[in-house]
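Enquirer: give me a model of this one.
(one chain, ligands or ions: 3)
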Amino acid sequence: MNKNKFKNLKGTVVALKANFLIVEIDFEDNKQDLLDNVSENIRLLCTRRSKLEYQGLFIDVGDSVYVESIDYKNKRAVIYKVEPRKSFLKRPAVANVTSVSICISVDEPLFDMKQVSRFLLTAECANIQPLIILTKIDLITKNDLILYINKLKSWGYDCVPVSIQNSYGIDSLIERFTKTKLTVLAGPSGVGKTSLINHLIPTISLPTSAVSKKLKRGTHTTRHVELFSLENGSLLADTPGFNRPEIVCEPSDLASLFPEFRTQLIKSQCKFRNCLHRDEPGCVLNKDLERYSFYREKLDEMINSPLPYLGD
Ligand SMILES: Nc1nc2c(ncn2[C@@H]2O[C@H](COP(=O)(O)OP(=O)(O)OP(=O)(O)O)[C@@H](O)[C@H]2O)c(=O)[nH]1
Ligand SMILES: [Mg+2]
Ligand SMILES: [Zn+2]
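Expert: Numbering: from 1, shown residues only. Ligands and ions are numbered 1, 2, ... in the order given. As a prediction, this is how the structure comes out:
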């Protein structure tokens, strides 16, 4: 009889597939309990014990779980326990996220201040300090790249410029990704999130597709969230690109989601505590800042929306 048959293993949910969950068992973490002939991470197609369903526990990608009834031959198992979550990102839905990288291409699709800002606001809203990855920098000149870097700096953000065409910036990305447990790659369709993962993990080859020439947008190639392991065990989440991230906050909190406004408002205070920074007397916010007109647009949409504001 198989000596390990009744051993339990700990793993991470890396994808959801219809009613099943794919759980990856990290070799290093489970060495003692894995069969002798297993020498690398394995992925198991799992169902969940019905008691978990009774408890109303919804398991998502990123959750840490324990599995039993392991069938090595058919790569199947059953989840019987879920670890409490350390964090949860709502959109894209991923548990235990430790870092979010927003991928934005400088061209194809073209850098769009409003779209970039919407993604940044979503992260700020969830109290996450995002890293911006500027992709496809092989498509523009060095001078234009410097303009983009300075623009993002004036908004209060650092960025990592990369290109998979000539492997530019890849080492610096690996260094960042391996320092944290689970990084979500978010951003619009077509900016190169999946291409980046293919480039970073040469053993995988996920489908990618060219940006539509006509619409100049991505074609929504990735359909589901999936986690992939880097060599040191850190995880990267590939996510479907969406163009309408969700922003839910009170109008009076909106300004605090813009770092460049925040810096000003920390230094000096507006006369009224709930200032919306429009034309109120004694408002200290500099209305010449690049993203001020975008702020006003969002603010007006929020104020005029009868329902809780859910992005546009
Ligand atoms: N020139 C250039 N093209 C790139 C680079 N990275 C990715 N691409 C191209 O961009 C296109 C879109 O890439 P994907 O990786 O599918 O983009 P995605 O962000 O995963 O898109 P969705 O899955 O739809 O969200 C592909 O044709 C890639 O070859 C790059 O660094 N330079
Ligand atoms: Mg993709
Ligand atoms: Zn004000």
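Enquirer: switch to C-alpha atoms for all contacts and neighbour counts from now on
Expert: Fine.
Enquirer: neighbours of residue 73, how many?
Expert: Using other Cα atoms under 10 Å, the number of residues around residue 73 comes to 6.
Enquirer: state whether it is indeed within a helix.
Expert: No - counting by DSSP: H, G, I helix; E, B strand; the rest coil, residue 73 falls outside a helix, being coil.
Enquirer: from residue 302, how far out is it?
Expert: Using Cα to Cα, to the nearest Å, residue 73 is found at 55 Å from residue 302.
Enquirer: repeat for residue 16
Expert: Taking Cα to Cα, one finds residue 16 at 34 Å from residue 302.
Enquirer: between the two, which has more neighbouring residues?
Expert: Between residue 16 and residue 302, residue 302 has the larger neighbour count (other Cα under 10 Å), namely 21 against 18.
Enquirer: from residue 234, how far off is the residue of the stretch 1-150 of the chain found nearest ligand 2?
Expert: Of all residues in the stretch 1-150 of the chain, residue 103 sits closest to ligand 2, at 11.1 Å by Cα to the ion. Relative to residue 234, residue 103 is positioned 19 Å away (Cα to Cα).
Enquirer: more neighbours, those two?
Expert: residue 103 (28 against 16).
Enquirer: list the beta-bridge partners for the spatially most central residue of the chain.
Expert: Computing the C-alpha centroid of the chain and ranking residues by Cα atoms, centre = their mean puts residue 184 first, at 3.0 Å. In this entry, residue 184 is beta-bridged to residue 100, residue 237, by DSSP bridges.
Enquirer: that one and residue 103 touch, don't they?
Expert: No - Residue 184 is beyond contact range of residue 103, at 10.0 Å (criterion: Cα atoms under 8 Å).
Enquirer: what about the residue nearest to residue 177 when sequence neighbours are not counted, how many residues close to it?
Expert: In space, residue 177 comes closest to residue 183 once its chain neighbours are excluded; the distance is 6.6 Å by Cα to Cα, 6 or more residues apart in numbering. Neighbour count of residue 183, defined by other Cα under 10 Å: 23.
Enquirer: contact partners for residue 183?
Expert: Neighbour list for residue 183: 97-101, 177, 235-237 [criterion: Cα atoms under 8 Å, 6 or more residues apart in numbering].
Enquirer: next one: residue 187
Expert: Residue 187 touches 102-104, 119, 193, 241-243, counting by Cα under 8 Å, 6+ apart.
Enquirer: check the gap between it and residue 64 for me.
Expert: 25 Å.
Enquirer: Three-state assignment for residue 144, please.
Expert: On the basis of three-state DSSP, residue 144 is classed as helix.
Enquirer: just give me the neighbour total for it.
Expert: 12.
Enquirer: with residue 224 instead?
Expert: Residue 224: 14 neighbours (other Cα under 10 Å).
Enquirer: that one is in what secondary structure piece?
Expert: Assigned by DSSP states H and E, residue 224 belongs to no helix or strand.
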